[in-house]
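K.L.:
Build the 3D model from these lines:
(one chain, ligands or ions: 2)
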Amino acid sequence: MSFDRLGVIGGGAWGTALAQVGASGGGDVLLWAREPEVVEAVNSRHENSVFLAGSQLDPAVRATGGLADLAECDAWLVVTPAQHMRAVLEAAPKCGRPLILCSKGIEERSGALLHRVATEASPGAPIAVLSGPTFAHEVATGLPTAVTLAAEDPLLAEALRDRISRPTFRIYLSDDVAGAEIGGAVKNVLAIACGVVDGKGLGQNARAALIARGFAEMTRFGLANGAKRETLAGLSGLGDLVLTCSSTSSRNFSLGKGIGEGRSPTELMSDRKTVAEGAFTAPVLARLAEKMGIDMPVVAAVDKLLSARANVDQVLQELLARPPRPEVH
Ligand SMILES: NC(=O)C1=CN([C@@H]2O[C@H](COP(=O)(O)OP(=O)(O)OC[C@H]3O[C@@H](n4cnc5c(N)ncnc54)[C@H](OP(=O)(O)O)[C@@H]3O)[C@@H](O)[C@H]2O)C=CC1
Ligand SMILES: O=C(CO)COP(=O)(O)O
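P.N.:
Ligands and ions are numbered 1, 2, ... in the order given. Coordinates of the predicted model:
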């Protein structure tokens, strides 16, 4: 298996940063973006001034607005927002190229993890998942980063790793596709909660407690959905949780911070062009947890805040009034 020419589906910050990684080792990359101004900026000025301003791209990254052009590529990195992945893959040519799913979320209407969505939209395509603590702007400038690449087929995983990894973009392999996806999806919801704590001025003790208790929720949900404990404790789970819960560089954390400062979630969401995936994952995750009988109080609190069924003081009071329980269960 060799993947000389990579396709990237999605011209947001992360798709653009991954395109840069894919080109930095000397291979060609074709980036599909919906917006003509992104295609034009990448092809004529080697930048994506809309979603990743300030990063100079390798000239080997070319952009297109035509999904059909991806048929020329040997494998596709799929980097659309989670809720748009199905529609974009359904519209893409059906040529069975390996798909590396790089988005983080759960499909709202089906409750499906993204590898299931991709399997349904692109039947027969081999699937891998790339996830981890990866702010796009840091990756695009070549700062050291490590990720999990999960695939059921070890030969596919190794071939993809050999094509994509760089000294500053280290790839650790796994066979736990569901585990890699669940960590990335759940941490976005927990990052909103940590942003609320910051915006409300609840202190760093509270944030650390939320990260640890949030990790317990991620673990319970993951284990009930086929994830391995060690994947959840690795880069794509705990690693990404720590990154996203500690920085205003995170869109999810910033959304939560705004809510904690007293702004309305609807107003905050309508103002944004970039995606805060946790806002779409929270309702479906809360619904799945309730249906499966999995205790996820922080996720439920974020869902209530986003849907304006409760305010910050009310969810805080509810969380603090929960009966005492053993830490490990
Ligand atoms: N940014 C990051 O640091 C990281 C992001 N991710 C994940 O990558 C995924 C993409 O995020 P990111 O690159 O940051 O996105 P951005 O917020 O930077 O950009 C939004 C993206 O959404 C696309 N989009 C908007 N509406 C649609 C639609 N109807 N159909 C298809 N695409 C649409 C935009 O395409 P268009 O240009 O055509 O408008 C654009 O590519 C998310 O799941 C995110 O969680 C993962 C790791 C790191
Ligand atoms: O997934 C990310 C870092 O790993 C990016 O986080 P945000 O989407 O919250 O910005």
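K.L.:
how far is the helix or strand containing Gly258 from where the chain is centred?
P.N.:
In the assignment (DSSP states H and E), Gly258 maps to helix 251-260. Here helix 251-260 shows a centroid-to-chain-centroid distance of 16 Å under the convention C-alpha atoms, centre = their mean, to the nearest Å.
K.L.:
That helix and ligand 2 in contact?
P.N.:
Yes: shown here: helix 251-260 in contact with ligand 2 (C-beta under 6 Å from any ligand atom) through Arg251, Asn252. In short, each C-beta sits where N, CA and C put it, glycine included.
K.L.:
Any chance you could list what contacts that helix?
P.N.:
The contact list for helix 251-260 (C-beta atoms under 8 Å, 6 or more residues apart in numbering) reads 188-189, 191-202, 244-248, 265, 268-269, 272, 274-279, 302, 305-306, 312.
K.L.:
Filter those down to the buried ones, ChimeraX style.
P.N.:
The buried residues among the contacts of helix 251-260 can be selected in ChimeraX (16 or more other C-beta atoms under 10 Å) with this line:
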select :188,189,191,192,193,194,195,196,197,198,199,200,202,244,245,246,265,268,275,276,277,278,279,302,305,306,312
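K.L.:
filter the contacts of helix 251-260 down to the ones near ligand 1?
P.N.:
Okay, of those touching ligand 1 (C-beta under 6 Å from any ligand atom), that's Thr274, Val275, Glu277.
K.L.:
Name the nearest of those residues relative to ligand 2.
P.N.:
The closest of these to ligand 2 turns out to be Glu277 (C-beta to the nearest ligand atom; 5.8 Å).
K.L.:
close enough to count as contact, the closest one and Pro81?
P.N.:
Yes: using C-beta atoms under 8 Å, Glu277 is in contact with Pro81, at 6.7 Å.
K.L.:
so what sits against both of those two?
P.N.:
Residues touching both Glu277 and Pro81 (C-beta under 8 Å, 6+ apart): Ser103, Gly105.
K.L.:
Return the helix or strand where Ser44 lies as CSV; C-alpha atoms alone will do.
P.N.:
Using DSSP H and E, Ser44 sits within helix 36-45. C-alpha atoms of helix 36-45 as CSV (Å, rounded to 0.1, in the frame of the first residue of the first chain):
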residue,chain,number,x,y,z
PRO,A,36,-14.3,29.4,-3.4
GLU,A,37,-12.3,32.1,-1.5
VAL,A,38,-10.5,29.3,0.4
VAL,A,39,-9.6,27.5,-2.9
GLU,A,40,-8.4,30.7,-4.4
ALA,A,41,-6.3,31.7,-1.4
VAL,A,42,-4.6,28.3,-1.2
ASN,A,43,-3.9,28.1,-4.9
SER,A,44,-2.7,31.7,-5.5
ARG,A,45,-1.2,32.7,-2.2
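K.L.:
counting contacts, what elements does it pack onto?
P.N.:
The contact analysis (3 or more C-beta pairs under 8 Å, 6 or more residues apart in numbering; DSSP states H and E) places helix 36-45 against strand 61-64.
K.L.:
do the strand it packs on and ligand 1 meet at all?
P.N.:
No: using C-beta under 6 Å from any ligand atom, strand 61-64 never reaches ligand 1; the gap is at least 10.0 Å.
K.L.:
Show the backbone phi and psi for Glu152.
P.N.:
phi -70, psi -30 (degrees, to the nearest 10).
K.L.:
Could you check how far it is from ligand 2?
P.N.:
23 Å (C-beta to the nearest ligand atom, to the nearest Å).
K.L.:
okay, now that residue: neighbour count?
P.N.:
13 (other C-beta atoms under 10 Å).
K.L.:
residue nearest the centroid of the protein?
P.N.:
Lys104 (2.6 Å; C-alpha atoms, centre = their mean).
K.L.:
That residue and Val129 touch, don't they?
P.N.:
No: look at Lys104 against Val129 with C-beta under 8 Å: they stay out of range, at 9.7 Å.
K.L.:
overlap in contacts of these two?
P.N.:
Listed as contacting both Lys104 and Val129 by C-beta under 8 Å, 6+ apart are Glu181.
K.L.:
ok so, going back, let's see which of the contacts of helix 251-260 end up in strands.
P.N.:
Using DSSP state E to define strands, no part of the contacts of helix 251-260 is located there.
K.L.:
among the contacts of helix 251-260, which are in helices?
P.N.:
Counting by DSSP state H, the part of the contacts of helix 251-260 found in helices is 188-189, 191-199, 244, 265, 268-269, 278-279, 302, 305-306, 312.
K.L.:
Pretty sure Ala180 sits in a strand.
P.N.:
No: looking at Ala180 with DSSP: H, G, I helix; E, B strand; the rest coil, it is helix, so not inside a strand.
K.L.:
so what's it up against?
P.N.:
Val129, Leu130, Ser131, Thr148, Ala150, Ser174, Thr231, Ser236.
K.L.:
Widest-spaced pair of those?
P.N.:
Leu130 and Thr231 (13.2 Å; C-beta to C-beta).
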